[in-house]
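S.K.: Need coordinates for the following:
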Amino acid sequence: MRVWTRVRHYVAALGKAKRNRSDLGGWLVRRPQVLVGTGVYETMLLLSNRLDPRLKELAELKTAGVVNCEFCLDIGSALAHSAGVSEQQLMDLPRYRTSAAYSEVEKAVLGFAEAMTVTPAADVDAAREEVLRYLSKTELAELAAVVAWENQRARLNQGLGVRPTGMAEGMVCALPERSPAADIAAFGGPDASR
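M.R.: Numbers count the residues shown, from 1 in each chain. Modelled structure (predicted):
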């Protein structure tokens, strides 16, 4: 049942895309092996349903916010709305630790996603132990796969210049959590001299 509900949510979100629809596909069609591999992994994660879909959506959104992938935040916000994530939770995502909008299990999941996503990864052992207070090892394996894949998605989308499509237009949308220019400057990139 969860699989069909999630498939419906994905189809509905993709159906709301208003612009830049061919960004990702236009790139991936150039490398069919990568396109097929991406499709297979996406499908396997969609079919993996031991973990509550709301927790998956929250973890993916947190990851997208930390990485600053606007396309991922766009589709992720639309999917989160469909999964029952509240507007307050979307607005409080950067300050989840102090927000009353999240349960303890949601805070543990978000902490785990954040620990896996920051570069370099930080306190993953402690975050894993915390999340295991609430989730089974099977659910944790699924959560770790979802967060790792969202990191891959977000970084691929950014590398290829995939833009938001408007899937969450008119809804409260999660926002990037840090400036890409600040990240580049911190590592001595092109903006460091400005």
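S.K.: Who are the contact partners of the residue nearest the centre of the chain?
M.R.: Central residue of the chain (CA atoms, centre = their mean): Glu60, 2.5 Å from the mean position. Neighbouring residues of Glu60 by CB atoms under 8 Å, 6 or more residues apart in numbering: Cys72, Gly76, Leu79, Ala113, Val146, Val147, Glu150. Just so you know, the C-beta spots here come from the backbone N, C-alpha and C atoms, and that holds for glycine as well.
S.K.: Take those residues and lay them out in a markdown table including pLDDT, distance to Gln88 and secondary structure.
M.R.: Listed next are the contacts of Glu60 as a markdown table, based on pLDDT from 0 to 100; distance: CB to CB, whole Å; DSSP: H, G, I helix; E, B strand; the rest coil:
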| residue | pLDDT | distance to Gln88 | secondary structure |
| --- | --- | --- | --- |
| Cys72 | 90 | 21 | helix |
| Gly76 | 90 | 16 | helix |
| Leu79 | 89 | 17 | helix |
| Ala113 | 97 | 19 | helix |
| Val146 | 97 | 23 | helix |
| Val147 | 97 | 23 | helix |
| Glu150 | 96 | 22 | helix |
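S.K.: how many other residues sit next to Ala59?
M.R.: If you count neighbours by other CB atoms under 10 Å, Ala59 ends up with 27.
S.K.: Oh, that last question was meant for Gln33, not what I typed.
M.R.: 8.
S.K.: Remind me what the helix or strand where it lies packs against, helices and strands.
M.R.: Gln33 belongs to helix 32-47 when elements are defined using DSSP states H and E. Here helix 32-47 touches helix 2-15, helix 23-28, helix 137-160, going by 3 or more CB pairs under 8 Å, 6 or more residues apart in numbering; DSSP states H and E.
S.K.: How about residues contacting that helix?
M.R.: Against helix 32-47 from outside (CB under 8 Å, 6+ apart): Val3, Arg6, Val7, Tyr10, Gly25, Leu28, Val29, Ala145, Val146, Trp149.
S.K.: Buried residues, that helix. List them.
M.R.: By neighbour count on 16 or more other CB atoms under 10 Å, the buried set for helix 32-47 is Thr38, Leu45.
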